Structures are given as C-alpha cells and as structure tokens.
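Participant: Okay, predicted coordinates and the sequence, questions at the end:
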Amino acid sequence: MIIGGGILGTSISYFLSFLNKSMKIAVIEQASKVAFHTSGRNTGKVHAPYLYNPEKKKLFAKAAFHGYEMWEEYVRLRDLPFKKDGVIEVALDQKDVGVLEKYLRWGKQNGLSDSDIKLISSEEMKKIEPEIKCQAALHVYKDASTNYSILTDSIMKDSKENGTCFLLNSRASKIRKENDRWSIALNDGREFHTKFLINAAGGEAINIAHEAGIARNLTDVHFRGEYWKVPKKYNNLTKTSVYSVPEFPEYPFLDPHWIIRVDGSCEVGPNAVPVFSPYGYSKSENIKEFVPKILEMLGSGARKTIMDRQFQELAINEIQSSISKSKMINRVKRFLPSIDAEKIIRRGTAGIRSSVINENGKFVPDVILENDEMSFHILNYNSPGATGALPFSAHIVNILNKEGLLRNESPDAQCGPWKFSEILEKMGE
Ligand SMILES: Cc1cc2nc3c(=O)[nH]c(=O)nc-3n(C[C@H](O)[C@H](O)[C@H](O)COP(=O)(O)OP(=O)(O)OC[C@H]3O[C@@H](n4cnc5c(N)ncnc54)[C@H](O)[C@@H]3O)c2cc1C
C-alpha cells in the first residue's frame, strides 16, 4: 500500500505494477485526484541538473538527468505537453558570475554536454534576449516546460491498467502495526490492512514516518511558494524562462523566477513564505495549524532554526514579499526591468514545499530514505522531484527488491517504453 498520490507515489505504483503482476497494489490519496498538491502546483520545469552538487546531491542529479530523457520519451508516446524551451540563469553581480561558473562545472559533471549548457556574456545575452539585464548568464538548452498534473494523471492511468487501485478522497488518518501487518484507518471509517507500507506522502511524510515509529529525530518546516500571473502583453518579453543565482543557496529554495509555462502564459514566482501546514494555502488553514505546529517546532530541532538570525531575516523577507506584490515583482525586475508591478494583478496557484530539519536545526539538503522490515519512507523529496520522479521511483523499487522488502516477480520487465534493467543501468545500479 502506498500513501500519497503525488507524482512520486503514483510513479512508484507504476513500476511496481509492471514488475509484479500478481501483487495487489493500492495508492491512498486524500484529494479527489492525483497530483492535487505540490506535484500539480509547481513551476512545471523539467530541469537539467546544473544546480546540484555532483557529490552531495548525486542521486538527485542523476534522477534529473535521466528523468528529463524519460519524460521526453513518455510524452512523445502519449502526446502530452512538453516544450524544450530551455532556461536562462542570470548573474546580477561579479559574485554571481563565480556561482554560474560553478553551476557550469556541476552541469558538465552531472552529464550535460557543451551543446546543453553554455556560459555567455551580458553582450551575447542582449542579442538573444534584449530585455534581460545581467552581468553574465548560463544558457541551458536542455530544460523544458510541462504540466506535471497531466503527466501524473497519465502515469496513474497506466498503473491502473495494470491493476493498481487508486483510493481517492481517502485520507489515511491512523496507522497501526498489528503483528505482521499494518492497519490503516481511513477518514471515512474504512480500514485496510497491508503487509508493506510505502510512505510517499509529501508534506505529511514526516508525520506518517513518526506514526510508524521512524525518523523521530527529524521534523519539517513548510514554505508556500506563491506565483503572480502576468498580463498577456508581457508574454513575449522573453523567449525563455529566467532564473537568478539564489541569494541564500544554503536554503532549500530559489529566488522568484520569470516563468514561461508550457501553454505560453507567463508568471513570476515562487517565493518561499513560512506556513504552518503542508496545505497552508489559506489563512484559515494556517490559523488552525498554528499552535500545534509551533509546539512541534519548539520541541524539535526546528527550535534552533527559528532562533537563527539569518533564517529570521530570510523569513521576514519572504513574508514581506507575500504581503507586498511589488516587493515580490521587484525581485524579478532586477533582471527584467521593463515589468511593472502595477500591471500585474492576478495571483497564480501556490504550491507548498516541506523541508526536513535535523536535530541540530539544519536543513537536510538531500532526500532521506528510511525503512524497517514492514515499511519504506521517502522524506524530504523536493526539487527537482517532479523531473526525476520516474528514475527515482525505479531506484526505490530496486532498493525494496535488493533489501528483500518487496521482491519483484519479473525484475527485467518492460515498463511502458523502458526496460526496468536499462533504467537501473543508466542510474548506475
Ligand atoms: C513552488 C514549487 C515549485 C517547484 N517546481 C518544480 C519544477 O519546476 N520542477 C521539478 O522537477 N520540481 C519542482 N518542484 C518540486 C516537486 O514539485 C516535488 O518534488 C514533487 O511534486 C513532490 O512529489 P510528491 O509526490 O513527493 O509530493 P506531493 O505532490 O505533495 O504528493 C503527496 C501526496 O500525499 C497525499 N497525502 C499526504 N498525507 C496523506 C494521508 N494521510 N492520506 C492520504 N493522502 C495523503 C497528499 O494529498 C499529496 O497528494 C517544486 C516544488 C515547489 C513547492
């Protein structure tokens, strides 16, 4: 049984369903459709792995590299939206130029070729994108735009065809271990039993791990990424989405970007406003969760995080950019001077990032995999999680098999357009 019908839980079910024709697989999702939360509320970029340190984030970088190719192949087969439109990362001062040089090195180490990524001067940039102001830029040609809701929905349909049961509108509200099985109580009073539980619950993965007696030293903090939709007259300002070198690279989010969506519409965002729930889109949800979350944070490593001066400054800055539209838009205006906050009036769809914090109050930079003999937990599965979801899920299914937790019946099965063994080979497994 898998808890969580985001892009990760759905992709895991996809591979399990091809490799284990006789296994009964169910995905429990509280929303009315898959990818209702973060997986369907993100920037929609299929990222080339240039932002990821090849030593510290090797697995994520590899998953992004192969994820790009796998999505490209999958969307061709199913005729889904995917635009290879590239991305530009701009340096706004000399210090940023050094960071771009590092990103170029990382990108190459992570498998990008000379034709995928190029460092260009501000003069060259002016010829390509006259509206952009910068000191230098990385032009990343191997980057694309898509709609991850549509992709997850299609993966769900494939998984369902192989027999996976998707229990939508079903919240796992209580989990108990009963001898050699789990008892999972749903919000509607039904109770299910399973011998093996996979926790892919996104912003609630930590809570579910705690309920299962796992990762009790870890906690999480939620950040709402808000977007502003820009008017049509700005749609042709640039040909490519534009990111800037993040001001605080040690935190697990970037500064707001200039985004061109796969349908051609443009947005500014996301920021990263601290909120009190993985579903803290509204004031009422945040008020409801304020006290329990604060108490939880004070009793965990997050206490040190909220006392940290730099974190407080960053949080205030992000909260201001939530309250004040022009504060947010001006962060993008630094490299796209012709946009005017006054002309931007419609909010986009916000998405929430849940970042795990350890007992020392530090943000954990990478994904965390924890298990016992009856459960497997994927924690801190953040950006570019949607890009890498397919190969990363194959990686998880391979670990389950290797560790003897969930043996695959046909380990070399054809999984849609890919042979399972070939995905693992590409992932270096
Ligand atoms: C603002 C923002 C922008 C991003 N942009 C990009 C991008 O451009 N490209 C990219 O590759 N990645 C991006 N990401 C990252 C990417 O979106 C995530 O890594 C990915 O969506 C995580 O998928 P998931 O399945 O783990 O989580 P989710 O999508 O959150 O899915 C978890 C699911 O579990 C369900 N659930 C939780 N608890 C329960 C329960 N008790 N019972 C039943 N169901 C439950 C939830 O309802 C949810 O649907 C972005 C993230 C954010 C926040």
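Facilitator: Okay, I see it.

Participant: In the protein, where is pLDDT below threshold?
Facilitator: Along the chain, segments meeting pLDDT under 70 are nowhere present.

Participant: near the ligand, which residues of it?
Facilitator: Counting by Cβ under 6 Å from any ligand atom, the positions of the chain adjacent to the ligand are 3-9, 28-31, 36-39, 42-45, 47, 171-172, 200-204, 225, 270, 351-353, 381-387. Quick note: C-beta positions are derived from backbone N, CA and C, even for glycine.

Participant: Might you report the residue contacts of Thr164?
Facilitator: Going by Cβ atoms under 8 Å, 6 or more residues apart in numbering, Thr164 touches 13-14, 16-17, 25-27.

Participant: sorry, back to before: mark which of the residues of the chain next to the ligand are part of strands, please.
Facilitator: When DSSP state E is applied, those are split such that 3, 28, 45, 172, 225, 351-353 fall in strands.

Participant: okay, those in a markdown table with distance to Glu161 and neighbour count next?
Facilitator: As requested, those are arranged in a markdown table below (distance: Cβ to Cβ, whole Å; neighbours: other Cβ atoms under 10 Å):
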| residue | distance to Glu161 | neighbour count |
| --- | --- | --- |
| Ile3 | 22 | 27 |
| Ile28 | 19 | 23 |
| Lys45 | 28 | 24 |
| Ala172 | 24 | 24 |
| Gly225 | 33 | 24 |
| Gly351 | 29 | 20 |
| Ile352 | 31 | 22 |
| Arg353 | 32 | 23 |
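
Participant: Helices along the stretch 101-250 of the chain, start to end?
Facilitator: Ranges of helices within the stretch 101-250 of the chain are 122-128, 148-161, 205-211, based on DSSP state H, counting those that start in this stretch.

Participant: how about the ones you listed, which one is nearest Pro54?
Facilitator: The closest of the helices of the stretch 101-250 of the chain to Pro54 is helix 148-161. By Cβ to Cβ, the value is 24.8 Å.

Participant: could I have that closest one exported to PDB, CA atoms only?
Facilitator: Backbone C-alpha positions of helix 148-161 (Å, rounded to 0.1, in the frame of the first residue of the first chain) are rendered in PDB as follows:
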ATOM      1  CA  TYR A 148       3.100  17.600 -14.100                       C
ATOM      2  CA  SER A 149      -0.600  17.200 -13.300                       C
ATOM      3  CA  ILE A 150      -1.300  15.900 -16.700                       C
ATOM      4  CA  LEU A 151       1.800  13.600 -16.600                       C
ATOM      5  CA  THR A 152       0.900  12.200 -13.200                       C
ATOM      6  CA  ASP A 153      -2.600  11.500 -14.400                       C
ATOM      7  CA  SER A 154      -1.400   9.600 -17.400                       C
ATOM      8  CA  ILE A 155       1.100   7.600 -15.200                       C
ATOM      9  CA  MET A 156      -1.900   6.800 -12.900                       C
ATOM     10  CA  LYS A 157      -4.000   5.500 -15.900                       C
ATOM     11  CA  ASP A 158      -1.100   3.200 -17.000                       C
ATOM     12  CA  SER A 159      -0.700   1.900 -13.400                       C
ATOM     13  CA  LYS A 160      -4.500   1.400 -13.100                       C
ATOM     14  CA  GLU A 161      -4.500  -0.600 -16.400                       C
END
